[in-house]
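>>> No letters, just coordinates:
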Ligand SMILES: Cc1ncc(COP(=O)(O)O)c(C=O)c1O
């Protein structure tokens, strides 16, 4: 039997993650279903950034690079993210944006596979991934980009493939790849799979070491709640660290930055993928955001994400029957957002946002809602679908209306 609103309120009461909502400054009157695009503000981030500004920068001045741990922040926060993505602490560092890190790792991976000509990517991935590969192919003669659709992806990764750039969870549909299987296929073909974890880190279980992953990048401002434009992270498996070289050699990635040598010598570990001075304010906010995720029991997070999804899908089925679910139902095959195909999706989302329910629209026809178990209540899902039904009522739908 479908749950009633009373049932749903009871689930919220019993929710083991209930207290985690208090870690966030969630504006009243807003049902926030866009944490897969920009996580909300953790109270700790506001406090941490204020302290960094007034005390560490204001009073400590340049001494804070050492005294306040600014210099170590990329490795320190990387080690914390490693705990979320199933990696060793020395395999992850934090720097730059996801796009820049994608470029650095794909270039490094391609250089590790000389003579191969193919850079493989799934058709219709997030545009930056494709743009980065196209740019790399323009830069390095002999490389070309080959796209493949999902059923053909594993077959496209062959003995001529240098790099396969794979998005763990698709930004539109929310569909999730089998990371271990595709990584295994890439390694069997002698190619390097570079995973983009932007829509999976903090959203679903990620086990990089267990899946044999060699390289990965991910975003800090979505499910990690690191703030707008937060620094991104990158992962290089230990066994590749000595051989992999960043194409963006900068002094902070040098083995001895304060030796001021003219000769570049890469830092021994993943730190060689740093280039310039770390952005301390962004790192401070990210550090607080990452801790909001680490504070929660991951099993409880994944379980609640699955239940939020089921409730959302079920309520939409009942209240908005014209909408067409675009996300796989099986929790093992998806991330932590739900998407629906809808005529007039743009105006529907605008109307929904005007009612205080914030999701987003992805052209041409997708309504997308982030299901973030850290701070969403089951009742929020109920409210959101009721508002959606109210908006859709006068809007003609694709089917069934
Ligand atoms: C799959 C994926 N990769 C990368 C990015 C963003 O990259 P950047 O942090 O460089 O803007 C996004 C942003 O939504 C994304 O969905």
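Received the coordinates, thanks. Given the structure is predicted, the values throughout are model-derived calculations rather than measurements.
>>> Need the distance between the two termini of stretch 19-34.
From its first residue to its last, stretch 19-34 covers 20 Å (C-alpha to C-alpha, to the nearest Å).
>>> mind listing what the nearest residue to residue 273 once chain neighbours are set aside touches?
In space, residue 273 comes closest to residue 246 once its chain neighbours are excluded; the distance is 4.8 Å by C-beta to C-beta, 6 or more residues apart in numbering. C-beta coordinates here come from the backbone N, C-alpha and C atoms, glycine included. Under the criterion of C-beta atoms under 8 Å, 6 or more residues apart in numbering, the neighbours of residue 246 are 104, 107, 108, 253, 266, 272, 273, 275.
>>> Which members of these are positioned in helices?
104, 107, 108 (DSSP state H).
>>> Surely the last one is in contact with residue 244?
Read it as residue 108. Yes - contact criterion C-beta atoms under 8 Å: residue 108 and residue 244 qualify, at 4.4 Å.
>>> intersection of neighbour lists for the two?
215, 236, 273.
>>> Pipe those residues into CSV and attach pLDDT, distance to the ligand and neighbour count per row.
CSV is the format used below for the shared contacts of residue 108 and residue 244 (pLDDT from 0 to 100; distance: C-beta to the nearest ligand atom, whole Å; neighbours: other C-beta atoms under 10 Å):
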residue, pLDDT, distance to the ligand, neighbour count
215, 99, 14, 28
236, 99, 18, 29
273, 98, 15, 31
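>>> which of these lies closest to residue 318?
Taking C-beta to C-beta as the measure, residue 318 sits nearest to residue 215 out of these, at 43.5 Å.
>>> quick one: that closest one and residue 196, what's the gap?
Distance, residue 215 to residue 196, by C-beta to C-beta, to the nearest Å: 10 Å.
>>> Just grab the bridge partners of residue 368 for me.
Assessed by DSSP bridges, residue 368 has beta-bridge partners residue 339, residue 360.
>>> circling back: can you redo the ones in helices among the contacts of residue 246 as TSV with distance to residue 14, neighbour count and pLDDT?
Below are the ones in helices among the contacts of residue 246 laid out as TSV (distance: C-beta to C-beta, whole Å; neighbours: other C-beta atoms under 10 Å; pLDDT from 0 to 100):
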residue	distance to residue 14	neighbour count	pLDDT
104	45	27	98
107	49	22	98
108	47	24	98
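>>> and those residues as JSON lines, adding distance to residue 155?
JSON lines is the format used below for the ones in helices among the contacts of residue 246 (distance: C-beta to C-beta, whole Å):
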{"residue": "104", "distance to residue 155": "28"}
{"residue": "107", "distance to residue 155": "25"}
{"residue": "108", "distance to residue 155": "25"}
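>>> Out of those, which are close to the ligand?
By C-beta under 6 Å from any ligand atom, no member of the ones in helices among the contacts of residue 246 lies near the ligand.
>>> any idea which of these is closest to residue 168?
Using C-beta to C-beta, residue 104 comes nearest to residue 168 of the ones in helices among the contacts of residue 246, at 18.5 Å.
>>> What distance do you get for the spatially closest residue to the closest one that is not a sequence neighbour to residue 305?
Once flanking residues are discounted, residue 104 sits nearest to residue 246: 5.1 Å by C-beta to C-beta, 6+ apart. Relative to residue 305, residue 246 is positioned 34 Å away (C-beta to C-beta).
>>> C-terminal to the longest strand seen in the chain, what's the next element?
Identified as the longest strand of the chain according to DSSP state E is strand 161-167. Counting by DSSP states H and E, the next helix or strand C-terminal to strand 161-167 is helix 179-188.
>>> Show me what the longest strand of the chain is packed up against.
Helices and strands touching strand 161-167, by 3 or more C-beta pairs under 8 Å, 6 or more residues apart in numbering; DSSP states H and E, are helix 98-111, strand 118-122, helix 127-139, helix 153-156, helix 179-188, strand 192-196.
>>> now, of the ones you listed, which is deepest in the fold?
strand 192-196 (a mean of 28; mean count of other C-beta atoms under 10 Å).
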